[in-house]
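> sequence and predicted model, in that order:
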Amino acid sequence: MPTPFVRYLLPATTDSETEQPAPVSPWFRVSNTVTDRFPFPVKRIGIIGGGQLGRLMVMAAHKLGCAATVLDPYRNSPAGQLAGHEIVGNLDDPGPIRDLVETCEVTTFDIESIAADVLIDLARHGHTIRPDPTLLALIQDKLTQKQRFDEAGIPTAEFIAMDRPSAEAFRQFGYPLVQKARRGGYDGRGVAVMKDEEDFHRVLDVPGLVERCVDTEKELAVMVVRSLEGEMRCYPVVEMVFQSEQNILDQLLAPAQIDSGLAAQVQQLAMKTVSALGGVGIFGVELFLTRQGELLVNEVAPRTHNSGHYTIEACVTDQFEQHLRAVLGLPLGATDLLRPAVMLNLLGEPGFRGRPQIVGLQAALAIPGTSVHLYGKAETRPYRKMGHVTVLDEDLDSARDKARRVSQLLRIEGEESL
């Protein structure tokens, strides 16, 4: 890992009369009204994690007149490419984290796998970190997250703690089951689905929990934002379709194909869940709709989320701007869906790695209503998230037809064949 350093990329400014470089000052003032004054930049926002979520958050920060500093283990990360400042350092290293937090007015994150204990200490010393790092610590551990659901009366799949997994313990719990690592799992990692005893070879040899396998009709998600004052707003309920082998979100439908009454129940349950957790910012709430019509909360992400990418084109206020509005104490934006949308993840093609080669971009963009987002990652590998596509249309069926065409045309290969 390279030695941490700070890269400063301040934009050039020029005095219009002298054509000489003007002094770079972060604190000249602009006024909207006598009672509504903000400096420019409005705030310096620290973002822990420089991946695609951080990249899209930096874009939203610039839109709101804020400056951004990004912390990531790798130089020229997707978010660091767009931010004014970039700190290179590990996300569990107290030094770089302190450098970021102490030079920013508000700090947030685009990933959960970070040193929550360091952030808790910094928050105790008066630094503003949102969502609250104590909440982050709770959610980082899937067992304590589920226990909080249970305490708050949030319906979830039956589960038990299992720090030492064994064939006998699994047999006693009963198959089929889902084993989850307590920490570090994402995008299908840290999860093992076992239909019967013959699948025990998939066991994760780590402390975790075991859940009852849910007979699922649909997998749903909803983004919920919570303000400093506790105000909450819900986005439309969306439906998630996963790749069965990699368990990575393949296609997202907005709105979900469920009736309005059920959608309202999902939103109410999602808001109840976020209220039980507390915290400020945007939260991605994932749920199961069982074949018996029961709603069960699966997991919550205390950050912007893959299931909210569609909001950039399809909603009045996208999830990234909404998150920043909340953590900065600004009024929350409207969450209305403007048009039906389908979101596709662009994953690295199997059989390739190395510098990305984008195939079919021109043909995909020729399809009306198609927006392509590429994340600026320097290297592709099989099933790595390299971008996403959102397709809008007047009705969901037409958007799905267009999305199928896009998925056949657009792919991310690499310079090297495996």
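Cool, the structure landed.
> which element, helix or strand, includes the residue nearest to Ile114 when sequence neighbours are not counted?
Closest residue to Ile114 apart from its sequence neighbours, by Cβ to Cβ, 6 or more residues apart in numbering: Leu91 at 4.4 Å. Every C-beta, even on glycine, is put in place using the N, C-alpha and C of the backbone. Assessed by DSSP states H and E, Leu91 sits outside every helix and strand.
> same question for Leu135.
Element membership for Leu135, per DSSP H and E: helix 133-140.
> against which helices or strands is that helix packed?
Helix 133-140 is packed against helix 116-124, helix 142-151, helix 260-277, with contacts defined by 3 or more Cβ pairs under 8 Å, 6 or more residues apart in numbering; DSSP states H and E.
> repeat that for 7 Å
Other helices and strands packing on helix 133-140, by 3 or more Cβ pairs under 7 Å, 6 or more residues apart in numbering; DSSP states H and E, are helix 116-124, helix 142-151.
> next, the angle helix 116-124 makes with that helix.
On the basis of axes from the mean of the first three to the mean of the last three Cα atoms, to 10 degrees, helix 133-140 is oriented at 160 degrees to helix 116-124.
> what sits up against helix 133-140?
Applying Cβ atoms under 7 Å, 6 or more residues apart in numbering, the contact partners of helix 133-140 are 112, 116, 119-120, 123, 144-145, 148, 183, 277-279, 300, 302.
> which of those residues are buried?
For those, a burial check counting by 16 or more other Cβ atoms under 10 Å picks out Glu112, Ala116, Leu119, Ala123, Gln145, Arg148, Leu277, Gly279, Val300, Pro302.
> which one of those residues is nearest to Pro39?
Distance ranking of these against Pro39, using Cβ to Cβ, places Ala123 first at 23.3 Å.
> separation between the closest residue to that closest one other than its chain neighbours and Lys218?
Distances taken as Cβ to Cβ, 6+ apart place Ile129 nearest to Ala123, at 4.9 Å, with adjacent residues excluded. Applying Cβ to Cβ, to the nearest Å, the value for Ile129 to Lys218 is 35 Å.
> the two: which is more packed in?
Using other Cβ atoms under 10 Å, the more surrounded residue of Ile129 and Lys218 is Ile129, with 22 against 18.
> torsion angles phi and psi at the more buried one?
phi -130, psi 120 (degrees, to the nearest 10).
> and Val391, what is it in contact with?
Contacts of Val391 (Cβ under 7 Å, 6+ apart): Ala341, Val342, Gly369, Thr370, Ala399, Lys402, Ala403, Val406.
> which of these has the most neighbours?
For those, the largest number of neighbours (other Cβ under 10 Å) sits with Val342, at 30 neighbours.
> could you say what helices and strands the host helix or strand of that one packs with?
Assigned by DSSP H and E, Val342 belongs to strand 341-347. Using 3+ Cβ pairs under 7 Å, 6+ apart, the elements in contact with strand 341-347 are strand 249-254, strand 385-392, helix 396-409.
> quick one, the first one and strand 341-347 angle?
The one in question is strand 249-254. Relative orientation of strand 249-254 versus strand 341-347 (the same axes, to 10 degrees): 170 degrees.
> contact partners for Arg98?
Per Cβ under 7 Å, 6+ apart, neighbours of Arg98: Leu122.
> part of a helix, is it?
Yes. Counting by DSSP: H, G, I helix; E, B strand; the rest coil, Arg98 is part of a helix.
> local confidence estimate at it?
At Arg98, the model reports a pLDDT of 97.
> list the beta-bridge partners for the residue lying closest to Ala314 once chain neighbours are set aside.
In space, and not counting its chain neighbours, Ala314 is closest to Ala341: 3.9 Å by Cβ to Cβ, 6+ apart. Beta bridges link Ala341 to Ala254, Leu392, judged by DSSP bridges.
> what about Ala341, distance to Arg98?
40 Å.
> swap in Gly354?
Distance from Gly354 to Arg98, by Cβ to Cβ: 36 Å.
> same check, this time on Phe40
Relative to Arg98, and taking Cβ to Cβ, Phe40 is found at 26 Å.
> got the contact list for stretch 161-170?
Residues external to stretch 161-170 that are found in contact with it (Cβ under 7 Å, 6+ apart): 143, 177, 179, 194, 197, 200, 203-205, 207-210.
> returning to what we had before: OK, contacts around the residue nearest to Ala314?
By Cβ under 7 Å, 6+ apart, the residues touching Ala341 are Ala254, Tyr310, Glu313, Ala314, Thr390, Val391, Leu392, Ala399.
> can you pull the pLDDT of it?
In this prediction, Ala341 carries a pLDDT score of 98.
> before we move on, what about the one 4 residues further on?
Note on Asn345: pLDDT of 95.
> and the helix or strand where Val297 lies, how far from the chain's centre?
Per DSSP H and E: Val297 is located in strand 295-301. Strand 295-301 sits 15 Å away from the centroid of its parent chain (Cα atoms, centre = their mean, to the nearest Å).
> check which helices and strands the helix or strand that it is followed by sits against.
Downstream of strand 295-301, the next assigned helix or strand under DSSP H and E is helix 311-314. Judged by 3+ Cβ pairs under 7 Å, 6+ apart, helix 311-314 is in contact with strand 385-392.
> residue ranges for the strands of the stretch 1-150 of the chain, please.
5-8, 28-33, 36-40, 44-48, 67-72, 85-88, 106-109 (DSSP state E, counting those that start in this stretch).
> for the stretch 151-300 of the chain, same thing?
Going by DSSP E, counting those that start in this stretch, the stretch 151-300 of the chain shows strands at 159-162, 177-181, 191-194, 208-212, 216-226, 232-234, 238-242, 249-254, 281-290, 295-301.
> and of those strands, who's closest to Gly84?
So among the strands of the stretch 151-300 of the chain, strand 281-290 is nearest, using Cβ to Cβ, at 21.9 Å.
> chain center to that closest one: distance?
For strand 281-290, the distance to the chain centre is 12 Å (Cα atoms, centre = their mean).
> from Arg202, how far out is Val214?
Distance from Val214 to Arg202, by Cβ to Cβ: 18 Å.
> these two: which is more packed in?
Using other Cβ under 10 Å as the criterion, Val214 and Arg202 rank with Val214 on top: 20 against 12.
> what about the more buried one, distance to Leu287?
Distance check for Val214 against Leu287: by Cβ to Cβ, it reads 10 Å.
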